[in-house]
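>>> Sequence and predicted model, in that order:
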Amino acid sequence: MKTNSEVLYETWDKRWEGSEDVERLTLIGRMMFKAKKRVLTRVIKNLPIKTAIEVGCGLGHTMEVFKEIGLNCTGVDVSHHAISVCRKKGLNATLKRLEDVTEKYDLVSSDGMLEHFLNFEPYAQQLMNISSNYVLLIQPNHDSFFGKTLAYLAELIRDRENVFEYNYRIKDFANVFERNGFRIINTTPIFLDVFRLLLFEKPSK
């Protein structure tokens, strides 16, 4: 019998099917990614980091931002289709599960992944395990006025049904990292606070 994670991984692979031919993105979607790019560039460019990994890299939008900044960024995803798109864009992406990543990176980044797991804590722990210095999350903010309509917005953004996500709050993610000693050093609203960027710093030894 398949685990919840295996079912989710298959759902994501199907979700990106066909993206090699046409990357469907609406006007709202383009606006959203521009907003994310502005915030990511501002937050990342002054950090003392050389290597980065984007976990759940999808079609490579965040990796493209990191590449423009000059970061040596690796992407991992469970979808063959997503990896194919990233490689066509010239991005360094590999078909791999987060659970199988063992290398350490200065910055571990994940945009909109954790909220899709029924129990996200083991995956958050693995993000921390492979981080040398920082973990960056971009998560939907269900506490904001516009964030409450995120599921509907996501369907407009992607022009198709969104993958199911659980109604976690920003504080739920923050609490898990802080319990493990990671200090939150930046929390920035994105796109009318529909999303929130969270940057955590690993405790010094």
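Now that the structure is in, tell me what you want to look at. Residues are numbered from 1 along each chain as shown.
>>> helix or strand right after the helix or strand bottoming out on mean pLDDT in the chain?
Ranking every helix and strand in the chain by mean pLDDT, DSSP states H and E puts helix 150-158 at the bottom, with a mean of 54. Beyond helix 150-158 in the direction of the C-terminus, DSSP states H and E gives the next helix or strand as helix 170-179.
>>> for that following helix, packing partners?
If you count contacts as 3 or more Cβ pairs under 8 Å, 6 or more residues apart in numbering; DSSP states H and E, helix 170-179 packs onto helix 121-129, strand 131-140, strand 183-190, strand 195-201. Every C-beta, even on glycine, is put in place using the N, C-alpha and C of the backbone.
>>> If residue 140 is in a bridge, with which residues?
residue 195 (DSSP bridges).
>>> Who are the contact partners of it?
Residues counted as contacts of residue 140 (Cβ atoms under 8 Å, 6 or more residues apart in numbering) are 112, 115, 147, 150, 165, 194-196.
>>> Please report how far residue 1 lies from residue 7.
10 Å (Cβ to Cβ, to the nearest Å).
>>> higher neighbour count, those two?
residue 7 (11 against 4; other Cβ atoms under 10 Å).
>>> give me the element the more buried one is part of.
According to DSSP H and E, residue 7 maps onto helix 4-15.
>>> Who are the packing partners of the helix or strand just after that helix?
Note on helix 4-15: by DSSP H and E, the next helix or strand toward the C-terminus is helix 27-44. In terms of contacts (3+ Cβ pairs under 8 Å, 6+ apart), helix 27-44 is packed against helix 61-69, strand 131-140, helix 150-158, strand 183-190, strand 195-201.
>>> same thing but at 10 Å, please
Judged by 3 or more Cβ pairs under 10 Å, 6 or more residues apart in numbering; DSSP states H and E, the packing partners of helix 27-44 are helix 61-69, strand 105-111, strand 131-140, helix 150-158, strand 183-190, strand 195-201.
>>> Buried residues in that helix, which are they?
Judged by neighbour count (16 or more other Cβ atoms under 10 Å), helix 27-44 contains these buried residues: 29, 32-33, 35-37, 39-40, 43-44.
>>> Now do it and strand 195-201, the angle between them.
Helix 27-44 runs at 20 degrees relative to strand 195-201, counting by axes from the mean of the first three to the mean of the last three Cα atoms, to 10 degrees.
>>> Tell me how far residue 143 lies from residue 36.
From residue 143 to residue 36 the distance is 19 Å (Cβ to Cβ).
>>> for residue 124, same thing?
Here the criterion is Cβ to Cβ. By it, residue 124 lies 20 Å from residue 36.
>>> Same question for residue 93.
Distance from residue 93 to residue 36, by Cβ to Cβ: 18 Å.
>>> One more: residue 129?
Distance from residue 129 to residue 36, by Cβ to Cβ: 25 Å.
>>> what's the residue nearest the centre of the chain in contact with, if anything?
Nearest to the mean C-alpha position of the chain, by Cα atoms, centre = their mean, lies residue 111 at 1.6 Å. Shown in contact with residue 111 (Cβ atoms under 10 Å, 6 or more residues apart in numbering): 33, 36, 40, 54-58, 61-63, 65, 136-139, 195, 197.
>>> Which pLDDT value goes with it?
If you check residue 111, the pLDDT there is 97.
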